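Asks: predicted structure and sequence below. I'll ask about it afterward.
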Amino acid sequence: MREISFQTALDEAVAEEMRRDPRVITLGTDFTGNPVKEFGASRVRFTPISEAVLTGMGLGAAGCGVRPIVNWRMVTFSFVAMDQVVNQASKIRYMFGGQADFPVTYRCSTGGGIGLAAQHSQSPYSMWMHLAGLKIVLPSTPADAKGLLKSAIRDNNPVVSFECSRLATLTGPVPDGDHLVPLGVADVKRTGTDVTLVGLAYYVRESLAVADELAREGISVEVVDPRTLVPMDVETLRESVQKTGRLVVVDEAPATCSAASEIAALIVEDRDTFRALKAPVRRVCAMPVPVPYSPPLEQAALPSRLDIKAAVYDVLKESVRGEWRPA
Amino acid sequence: MTLDKPRLVQMLRTMIMIREFDERAIQLRLAGKIYGAVHPYVGQEAVAVGVCTPLAVTDRVTSNHRGHGHCIAKGADIRRMMAELFGRVDGYCKGKGGSMHIADFAVGMLGANGIVGGGLPIACGAALAAQLEGRGAVTVCFFGDGAVAEGEFHESMNIAGLWKLPIVFVCENNQYAANNAIGAQHPRIDIAGHAAPYDMPGVVVDGNDVLAVHAATEEAVARARRGAGPSLLECQTYRWHFHAMRAACPPETRPAEEIARWKAGDPIARLEQEMVARALLSADELRALRQRVTTDLDDAVAFAEASPFPDPKDLMADMFAE
């Protein structure tokens, strides 16, 4: 299978959907490549730096039969458009009693780890999850990035696509042709029996790397990637934890009210999954500080492989029943 | 568009309906028959009717928190509006929206909005859709003088001017942003003056003269339809009642002399006098017209009261499209 970068996969998704459906347009302050050449300036719109109007325009045009892709570029900039995200996009369909659909896709980069400091290193997807009314995708591989973004563009609701900055240049296999990944379906990236590691975005890779290291110590780790945060594929997550009895959730957002917290709650509030638990659930998240600039500080703020490994050891050691022994 | 007798009678009837709808809404809220907040449009009827009369059903409008008048003028059904105020399943939003979120996409009414300035970006999106469609449809965006202090106003004006969007920005300058007088909101009281930097005409209109509002809108709509871009109309008018009420009407804080002066320029009385003077309307016809409005409102209230409340099992319906 051919290998392409995460960014190239996302660009392919947009181009293919624009080719497939003339109603798809894209709005942003800049674009990778030269999409104007193929699609023309009326469908590829360079905009002023006006996040509020851009966000609301996507919504308004979507309500009138267009399928806009609005590119905020960095999630940071979406905060300038809070009214349009929080008061309008997430509520418009429901509060009007479902009279119209609003097929708009909002795209943004997210996450830290590349020296962009406090404002441009945020991972605020749980803020959007909390709103009720937005679908949210958070891919970890080029193939998922392409397949999820294509599904997001075809979805008839506002969807936010969070695209992890640290993954942009990383490459991976992507199938040829019309590759779609449905929204709301998690992916078990590695099967195991001792511990479930749920990673998000960049931390799926890190979790897989840790799982490799731990396998050499006889610890069998299952790595699950939710891929879509809304709707969340809770069945796949619970099934995995019912098998392993132990859960560590890894993400680079701070733990308070995070996606990791939500996943932990979805696990423990289910009777069958709770019964299967052999140890307390652990979250491995960023420290509750703005992400600092200097490399040693930034590394200290974000989760590391060592942190993930330590959490896995902890849930094995802290087993409240069924003491764990290496296979 | 020639404003012949049937058209003028229709405009007068719609203005009276808008006024009486909101007077009725106030009474219903005081009686505890409806819930939440009511923002009466009384006094501003000439703006909604003057602006919406030249629009086709394929043209679209966005509205704000004071949106009942815009809905009625754009052709929404008062029975379904009333049912929405009553929180019933036959309301426009199945009881999920209420007064501040009435919409009727079928007649191009893209929704009232609880956020000052929140409708402007959405209107720009509807205008962008119309520009891409290329069939000459126009979007009108209603907002108040308070919205002019919002960033969303300036972002919307900027991009509409830049892209020559087919949109008419209609500012209803009712002299007050909630309870604060316009002079305390802007360093210079010149809303129409915001048009020039965004490369569009800015026109001050007597917002209590429905014929003047109609004429100014026709010109702005024609400009938008031929692809020449947006316009800003500042319609100067006055809100007769309070900004908003919940269980009770709040006390009046504005000068009595100011209220009396604006009421003397009642937009409905002005149109009536004009029509009587031009022998287009007799006293009997006017009486019959007003009686018909009352009957229609009684019918709307009866329709709303007969409609069932939504079933809580439908709480989660309409969240997401298939």
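Replies: Okay, I see it. Residues are numbered from 1 along each chain as shown, chains lettered A, B, ... in the order given.

Asks: residue B:64: neighbour count?
Replies: By the criterion of other CB atoms under 10 Å in any protein chain shown, residue B:64 has 25 neighbours. Any C-beta I mention is one placed from the backbone N, CA and C, and that applies to glycine too.

Asks: for the one 3 residues further on, same thing?
Replies: Using other CB under 10 Å as the criterion, residue B:67 is surrounded by 29 other residues.

Asks: excluding chain neighbours, give the residue nearest to it in space.
Replies: Nearest residue to residue B:67, sequence neighbours excluded (CB to CB, 6 or more residues apart in numbering or on different chains): residue B:112, at 3.1 Å.

Asks: isn't the one you found up against residue B:104?
Replies: No: using CB atoms under 8 Å, residue B:112 makes no contact with residue B:104, being 10.4 Å away.

Asks: overlap of the contact sets of those two?
Replies: Common contact partners of residue B:112 and residue B:104 (CB atoms under 8 Å, 6 or more residues apart in numbering or on different chains): residue B:71.

Asks: tell me which of the two has more neighbours.
Replies: Comparing residue B:112 with residue B:104 by other CB under 10 Å, the one with more neighbours is residue B:112, at 28 against 21.

Asks: so who does the residue positioned nearest the centre of chain A touch?
Replies: Centrality entry for chain A: nearest residue to the mean C-alpha point is residue A:138, 1.6 Å, by CA atoms, centre = their mean. Contacts for residue A:138 (CB under 8 Å, 6+ apart) come out as A:110, A:125, A:162, A:164, A:200, A:201, A:226, A:227, A:228, A:229, A:259.

Asks: report the contact partners of the closest residue in space to it that isn't next to it in sequence.
Replies: Spatially, and ignoring its direct neighbours in sequence, residue A:138 is nearest to residue A:162 (4.7 Å; CB to CB, 6+ apart). When contacts are counted by CB under 8 Å, 6+ apart, residue A:162 touches A:75, A:108, A:109, A:110, A:123, A:125, A:136, A:137, A:138, A:201.

Asks: and residue A:162, what are its phi and psi?
Replies: phi -90, psi 120 (degrees, to the nearest 10).

Asks: what does residue B:144 give?
Replies: phi -100, psi 180.

Asks: how close does the nearest residue to it once chain neighbours are set aside get to chain A?
Replies: Spatial nearest neighbour of residue B:144, chain neighbours left out: residue B:172 (5.4 Å); criterion: CB to CB, 6+ apart. According to CB to the nearest CB, to the nearest Å, residue B:172 and chain A sit 20 Å apart.

Asks: need the three-state assignment for residue B:172.
Replies: Three-state call for residue B:172 (DSSP: H, G, I helix; E, B strand; the rest coil): strand.

Asks: for the residue nearest to residue B:67, what are its contacts?
Replies: Per CB under 8 Å, 6+ apart, neighbours of residue B:112: B:63, B:64, B:65, B:67, B:68, B:70, B:71, B:99, B:100, B:101, B:102, B:103.

Asks: ok but it is inside a helix, no?
Replies: No: counting by three-state DSSP, one finds residue B:112 to be coil, located in no helix.

Asks: okay, buried residues for the helix or strand containing residue A:306 please.
Replies: Under the criterion of DSSP states H and E, residue A:306 resides in helix A:305-317. Across helix A:305-317, burial judged by 16 or more other CB atoms under 10 Å in any protein chain shown covers A:307, A:308, A:309, A:311, A:312, A:314, A:315, A:316.

Asks: let me have the residues you listed in a markdown table, adding pLDDT and distance to residue A:150 as columns.
Replies: Below are those laid out as a markdown table (pLDDT from 0 to 100; distance: CB to CB, whole Å):
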| residue | pLDDT | distance to residue A:150 |
| --- | --- | --- |
| A:307 | 98 | 34 |
| A:308 | 98 | 31 |
| A:309 | 98 | 35 |
| A:311 | 98 | 34 |
| A:312 | 98 | 34 |
| A:314 | 96 | 39 |
| A:315 | 96 | 36 |
| A:316 | 95 | 39 |
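
Asks: the helix ranked longest in chain B - contacts with which helices or strands?
Replies: Ordering each helix of chain B by length in residues (DSSP state H) puts helix B:5-30 first. Other helices and strands packing on helix B:5-30, by 3 or more CB pairs under 8 Å, 6 or more residues apart in numbering or on different chains; DSSP states H and E, are helix B:45-52, helix B:68-74, helix B:78-85, helix B:210-225, helix B:267-277, helix B:283-306.

Asks: now name the helix or strand holding the closest residue to chain A within the stretch 151-300 of chain B.
Replies: As assessed by CB to the nearest CB, chain A sits closest to residue B:155 within the stretch 151-300 of chain B, at 3.8 Å. In this assignment (DSSP H and E), residue B:155 forms part of helix B:151-163.

Asks: can you name every helix or strand that that helix contacts?
Replies: Judged by 3+ CB pairs under 8 Å, 6+ apart, helix B:151-163 is in contact with helix A:51-62, helix B:119-133, strand B:167-173.

Asks: need the contacts of residue A:138 in TSV with secondary structure, can you?
Replies: Converted to TSV, the contacts of residue A:138 look like this (three-state DSSP):
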residue	secondary structure
A:110	strand
A:125	helix
A:162	strand
A:164	strand
A:200	coil
A:201	coil
A:226	coil
A:227	coil
A:228	strand
A:229	strand
A:259	helix
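
Asks: now pLDDT too, for these, in a markdown table please.
Replies: As requested, those are exported to a markdown table (pLDDT from 0 to 100):
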| residue | pLDDT |
| --- | --- |
| A:110 | 97 |
| A:125 | 96 |
| A:162 | 98 |
| A:164 | 98 |
| A:200 | 98 |
| A:201 | 98 |
| A:226 | 98 |
| A:227 | 98 |
| A:228 | 98 |
| A:229 | 98 |
| A:259 | 98 |
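
Asks: which of those sits closest to chain B?
Replies: Relative to chain B, the closest of those is residue A:228; by CB to the nearest CB it sits at 12.7 Å.

Asks: I figured that closest one hits residue A:184, correct?
Replies: Yes: assessed by CB under 8 Å, residue A:228 is found in contact with residue A:184 at 5.0 Å.

Asks: neighbour count winner among those two?
Replies: residue A:228 (25 against 17).

Asks: hey, what's that one bridged with?
Replies: For residue A:228, the residues forming beta bridges with it (DSSP bridges) are residue A:137.

Asks: using PDB, list the CA coordinates for stretch B:79-99.
Replies: This file holds the C-alpha atoms of stretch B:79-99, laid out as PDB (Å, rounded to 0.1, in the frame of the first residue of the first chain):
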ATOM      1  CA  ARG B  79     -50.700  29.900  14.200                       C
ATOM      2  CA  ARG B  80     -47.400  27.900  14.200                       C
ATOM      3  CA  MET B  81     -45.700  31.000  15.700                       C
ATOM      4  CA  MET B  82     -48.200  31.100  18.500                       C
ATOM      5  CA  ALA B  83     -47.900  27.300  19.100                       C
ATOM      6  CA  GLU B  84     -44.200  27.800  19.400                       C
ATOM      7  CA  LEU B  85     -44.700  30.500  22.100                       C
ATOM      8  CA  PHE B  86     -47.000  28.000  23.900                       C
ATOM      9  CA  GLY B  87     -44.300  25.400  23.700                       C
ATOM     10  CA  ARG B  88     -46.400  23.000  21.700                       C
ATOM     11  CA  VAL B  89     -45.600  20.300  19.100                       C
ATOM     12  CA  ASP B  90     -47.300  22.300  16.200                       C
ATOM     13  CA  GLY B  91     -44.900  25.200  16.800                       C
ATOM     14  CA  TYR B  92     -42.300  26.000  14.200                       C
ATOM     15  CA  CYS B  93     -39.600  24.300  16.300                       C
ATOM     16  CA  LYS B  94     -41.900  21.700  17.900                       C
ATOM     17  CA  GLY B  95     -41.600  23.700  21.100                       C
ATOM     18  CA  LYS B  96     -37.900  23.400  21.200                       C
ATOM     19  CA  GLY B  97     -37.100  27.000  20.400                       C
ATOM     20  CA  GLY B  98     -39.600  29.400  21.800                       C
ATOM     21  CA  SER B  99     -39.900  33.100  21.100                       C
END
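
Asks: and it, is it in reach of chain A?
Replies: Yes: using CB under 8 Å from any CB of the partner chain, stretch B:79-99 comes into contact with chain A via B:91, B:92, B:93, B:94, B:95, B:96, B:97.
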